[in-house]
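Novice: Predicted coordinates and the sequence they were generated for:
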Amino acid sequence: MAVPSVRSSVPQPRCCFCLNVSWSAPLVLLQVNCRSISNKILEFWNLVDTYNLDVVIGTESWLSEEINNAEVFRDDYITFREDRCSRGDGVFICIKNYIDCRELWTDEDLEMVAVEVKGRNQKFT
């Protein structure tokens, strides 16, 4: 599903999945293949701000343990990430800091991060 164009100055991701989940207010998610977020930080956050995203799921972050969250991610999001020791790969999930969430587990071999997001209504957790 293509993301509708809002501003032509904001680059559109090549692979993107947006979804609204009905709580008492919509939850807006984006899944993006970053192919190295370090050299696209400004474009990434412009995209997040343009669509007012609640959750961002990123693949191929190409981050390493030496890169601190504050160098890439903003403090208005809680960030969960699993980096690779070699160049390439890596995943992350950024969730707006007003959303109740917690990390369930990570798997270094499978490059996975599992996060529980609690809805405003417990039947949607």
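Specialist: Yep, it's here.

Novice: Contact partners for the most centrally placed residue in the chain?
Specialist: Nearest to the mean C-alpha position of the chain, by Cα atoms, centre = their mean, lies Val56 at 2.3 Å. Listed by Cβ atoms under 8 Å, 6 or more residues apart in numbering, the contact set of Val56 reads 29-32, 48, 77, 92-94. For glycine as for every other residue, the C-beta is placed from the backbone atoms N, C-alpha and C.

Novice: next one: Val91
Specialist: By Cβ under 8 Å, 6+ apart, Val91 lies in contact with 57-59, 61, 81-82, 111-113.

Novice: Go through the contacts of Val56 and flag which are in helices.
Specialist: Using DSSP state H, Val48 are the members of these that sit in helices.

Novice: mind putting the contacts of Val56 in JSON lines, distance to Leu104 and pLDDT included?
Specialist: Output for those, formatted as JSON lines (distance: Cβ to Cβ, whole Å; pLDDT from 0 to 100):
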{"residue": "Leu29", "distance to Leu104": "17", "pLDDT": "93"}
{"residue": "Leu30", "distance to Leu104": "21", "pLDDT": "94"}
{"residue": "Gln31", "distance to Leu104": "18", "pLDDT": "96"}
{"residue": "Val32", "distance to Leu104": "22", "pLDDT": "95"}
{"residue": "Val48", "distance to Leu104": "23", "pLDDT": "95"}
{"residue": "Tyr77", "distance to Leu104": "18", "pLDDT": "97"}
{"residue": "Phe92", "distance to Leu104": "15", "pLDDT": "96"}
{"residue": "Ile93", "distance to Leu104": "11", "pLDDT": "97"}
{"residue": "Cys94", "distance to Leu104": "16", "pLDDT": "97"}
